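J.: need coordinates for the below:
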Amino acid sequence: MIIEKVPELKQLGHLLSLGVNAGRILARWGLHEKLLSISAQASDIRIHDYLGGLIQVQKTTWPLFGAYAYRGHRALLHEVLFEHAKSLGIEIRMGQQVVEYWEDEANGKAGVKIQTGELFDADVIVAADGVKSFARQFVIGYRDNPKPSGYAIYRAWFDAEEHGVTTDPLTDFLSIHGDQFHVWTGKDVHFIVCSSDRGKTICLLLTHKDDAAVDGEWSFPGKIEDVLDIVKDWDPRCAAIVSKAPSCIDWKLLIHDPLPTWVSKSGRVVLIGDAAHPFLPSSVQGASQAVEDGLTLAITLSLAGKDNVQLGTRTWESMRYQRVRDAQLLGESTRNKWHAAKVGDTGKSFELPMPEWLMGFDAEAHAYAVYDGIARSIVEEGYRQPTLTEQVRESP
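T.: Residues are numbered from 1 along each chain as shown. Below is the predicted model:
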C-alpha cells in the first residue's frame, strides 16, 4: 500500500531528470517507450560563459552504458510511474497524511497513523516523504531539520509559441532546431534552459546565491524582474528567454548533513530518497538515486525474507550509503566548477559529469552480487551504523 498526502495528481513542478542508471531499471519494467515519448531529445549540452562564449559542446548520445536517460516534465513522468504502480495492483490512498510512526518489535510489525485516526501496520514502513521528512525524527531519534544550502533556484515551464519564443530571433534557436539544452555559467550563478516536445515547451532553471532563512515553506512565487536583474549583463539571449516566462517559482535549495542512519532502531522504518539524502539539482541524480534506493530495498527484503526484515533493511543501508554520498559530492563539485568559470574558459572539464561508476551502475545486479557478503558480515559481527569517505569521486 502507498499512502500519499496530496489528494490527486496535478500538473505541478517542472523538469525531472532520470539518468541512465535509473533508466535501465525502468526499461526492465517495460516503461522505455512511454518514458521516451515524453522526454526531451537534445543531442548535446551547450555550455557557455555568462557573455555567451562557448565553453564546451557535450554530446549526449543514447544509449549510454547500454541505457537511456529520461528528462521531461515531472508531472508527465510521475503519471507513467503512477499508472504502472496501479497496473501492478498496488493500492494507492491519496489525500492521507501520516501523523505518527511506531514499531512493535515483539510482534514484528511497524505502522503509521493517519490524520483520520486510522492505523496501518506492516512488516516494514518505507518513508519517502521528502527533504522535510516527518519520519526522519522517528528514525534517527532527534529533530534534525534541513538547512539552507546558500542557494535558491528560479524555475519556469511554459509554451514556446504562446509566449513568443518562436518569433524572437534571440530565442527561436530553442524551437527551430528541435529540443535544446543550454547552460550559461557565471560567478555564483548558473542558468539552464531546455526545450522539449520538439522545441514546443521551454524550461528554465536559474541557480543563484540566496542566504534567506527558510521557515516552513521553501517554495514561493518568484518575480521575473528579479531573475532579469541577475542576467541583465549576460548574453542577451538569457534576458530574452527569461522575459518570455509568464511566471516563475522561487525554490530555496535545502540540504542535510549526512544522517547517521536511514534505518530505525528496530529496523522496520526506513527513509529513502530526499527524506534520507536530499540532492542539489546540479547533481541531476536526486530522482535516479531514489529509484535505486527503492529497487535495492525490494531486493534485500526479498533475499532476507519475511522473518529477517531487519537484516534486509540494514544490508540495504550498507549497500547504498557511500554510493549516495559520492553522487551528492559530485553534484556539489559540478556547481562549484560552473560557478568558477571565467570568460574564455573552454574544455571537457566543464561538462556535466557522467562517469561510468555513476551512470553505468546496475543497481539490480549489484544488489544480488553483494547481498550475501554484507548480510553475513552483519549477522556475524553485528550491525553498526555506516561511515563515509568524504572525497569527490569523478572517474572512472
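
J.: and the closest residue to residue 284 other than its chain neighbours, what does it touch?
T.: Leaving out its chain neighbours, the residue that sits closest to residue 284 by C-beta to C-beta, 6 or more residues apart in numbering is residue 17, at 4.9 Å. C-beta here means a position set from N, CA and C on the backbone, and glycine is covered the same way. Residues in contact with residue 17 (C-beta atoms under 8 Å, 6 or more residues apart in numbering) are 69-71, 284, 287-288.

J.: tally of neighbours for residue 36?
T.: Counted with other C-beta atoms under 10 Å, the neighbours of residue 36 add up to 16.

J.: ok, now how distant is it from residue 159?
T.: From residue 36 across to residue 159, the span is 22 Å (C-beta to C-beta, to the nearest Å).

J.: hmm, back to that, would you turn the contacts of residue 17 into JSON lines with secondary structure, neighbour count and distance to residue 200?
T.: JSON lines is the format used below for the contacts of residue 17 (DSSP: H, G, I helix; E, B strand; the rest coil; neighbours: other C-beta atoms under 10 Å; distance: C-beta to C-beta, whole Å):
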{"residue": "69", "secondary structure": "coil", "neighbour count": "24", "distance to residue 200": "20"}
{"residue": "70", "secondary structure": "strand", "neighbour count": "28", "distance to residue 200": "18"}
{"residue": "71", "secondary structure": "strand", "neighbour count": "23", "distance to residue 200": "15"}
{"residue": "284", "secondary structure": "coil", "neighbour count": "24", "distance to residue 200": "23"}
{"residue": "287", "secondary structure": "helix", "neighbour count": "20", "distance to residue 200": "23"}
{"residue": "288", "secondary structure": "helix", "neighbour count": "27", "distance to residue 200": "26"}
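
J.: which ones are touching residue 72?
T.: Residue 72 neighbours (C-beta under 8 Å, 6+ apart): 15-16, 38-40, 196.

J.: any idea what it is bridged to?
T.: Using DSSP bridges, the beta-bridge partners of residue 72 come out as residue 16.

J.: thought residue 273 was touching residue 289?
T.: Yes. Counting by C-beta atoms under 8 Å, residue 273 touches residue 289, with 7.4 Å between them.

J.: touching both of these two, which residues are there?
T.: With C-beta under 8 Å, 6+ apart, residue 273 and residue 289 have no common neighbours.

J.: strands along the stretch 51-200 of the chain, start to end?
T.: 54-59, 70-73, 92-93, 98-104, 109-114, 119-122, 125-127, 147-159, 181-186, 189-196 (DSSP state E, counting those that start in this stretch).

J.: neighbouring strands - and their directions - for the last one?
T.: Strands adjacent to strand 189-196 in the sheet, as given by DSSP bridges, are strand 181-186 (antiparallel), strand 201-209 (antiparallel).

J.: looking at those strands, which is buried most?
T.: Mean neighbour count, computed with mean count of other C-beta atoms under 10 Å, is highest for strand 181-186 among the strands paired with strand 189-196, reaching a mean of 23.

J.: now the helices for the stretch 201-350 of the chain?
T.: In the stretch 201-350 of the chain, the segments counted as helices under DSSP state H, counting those that start in this stretch are 224-230, 236-244, 286-304, 309-339.

J.: pLDDT weak spots in this structure?
T.: Scanning the chain for pLDDT under 70 picks out the ranges 11-13, 213-217, 394-396.

J.: so which residue is dead centre in it?
T.: Residue closest to the mean C-alpha point of the chain, counted by C-alpha atoms, centre = their mean, is residue 286 at 2.1 Å.

J.: disregarding residues adjacent in the polypeptide, which is nearest to it?
T.: Closest residue to residue 286 apart from its sequence neighbours, by C-beta to C-beta, 6+ apart: residue 279 at 3.5 Å.

J.: same check on residue 132?
T.: residue 146 (6.2 Å).

J.: cool, and residue 205?
T.: residue 192 is the one closest to residue 205 (C-beta to C-beta, 6+ apart), at 4.4 Å.

J.: next, count neighbours for that neighbour.
T.: 24.

J.: residue contacts, it?
T.: The contact partners of residue 192, by C-beta under 8 Å, 6+ apart, come to 181-183, 203-207.

J.: make JSON lines from the residues you listed and add distance to residue 250 to it.
T.: Listed next are the contacts of residue 192 as JSON lines, based on distance: C-beta to C-beta, whole Å:
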{"residue": "181", "distance to residue 250": "23"}
{"residue": "182", "distance to residue 250": "22"}
{"residue": "183", "distance to residue 250": "20"}
{"residue": "203", "distance to residue 250": "16"}
{"residue": "204", "distance to residue 250": "13"}
{"residue": "205", "distance to residue 250": "12"}
{"residue": "206", "distance to residue 250": "10"}
{"residue": "207", "distance to residue 250": "12"}
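
J.: could you point out which of these is nearest to residue 75?
T.: residue 203 (12.3 Å; C-beta to C-beta).

J.: gap between the closest one and residue 185?
T.: 18 Å.
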